[in-house]
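# fold the following.
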Amino acid sequence: MDALKIPGMTKAEYDALIERQYVSRIAFAGTGHPYIAPFMYIFDKKYLYFLSTKYGRKMEYFAANPLVSVEIEEYMPDLSSFTFVSLQGKLEEVKDPARKKDVREQFVAMMARHRLSPRVLSALGYSPEDPPEIIIHEERSAVWKLVGVKDIVALKNG
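As a prediction, the model looks like this:
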């Protein structure tokens, strides 16, 4: 008997998955082995944007090789239903001040919409005691954009 193949998703389906979720995993080339780290993101219906602390291995790996794989998933706790999308592309640091501010504002709105704990601010280079709006006014984190997506794998279990 042949193995059952997991069905693919349409662009509308994986765009909807990306819009519903806000946590991804990014795989960097690393040195010898891939390096995977979780990142919150926002999606403007065209690009994925990430905030990154300005320290740590990811910064070294990004500087050495900005080619990455980004994975976003959604599943039921018992795995009766699952979907995921994997995008292979390139991270680019956003330099335009107006665009960075807009992305930061969208991050603050996303955090409020999903009622995220203030403790998540520590993953972005801020103190949990800081108001979330500090993300907009103080640039303690880099803003990255996923560009040049070369391959998308999007699957669902039914």
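
# looks to me like Thr31 is in a strand.
No. Thr31 is assigned coil when assessed by DSSP: H, G, I helix; E, B strand; the rest coil, not a strand.

# count the neighbours of it for me.
12 (other C-beta atoms under 10 Å). C-beta: built from backbone N, CA, C; applies to glycine.

# likewise for Ser52?
22.

# from memory it sits against Glu139, does it?
No. The pair Ser52 / Glu139 is not scored as a contact, 11.6 Å apart, by C-beta atoms under 8 Å.

# biggest strand in this structure, by residue count?
strand 141-156 (DSSP state E).

# which outside residues touch that strand?
With contacts defined as C-beta atoms under 8 Å, 6 or more residues apart in numbering, strand 141-156 is touched by 6-9, 13-14, 17, 47-54, 59, 62, 68, 70, 82-94, 99-100, 103-104, 124-126, 135.

# report the buried residues of that strand.
Neighbour counts over strand 141-156 (16 or more other C-beta atoms under 10 Å) mark Ser141, Ala142, Val143, Trp144, Lys145, Leu146, Ala154, Leu155, Lys156 as buried.
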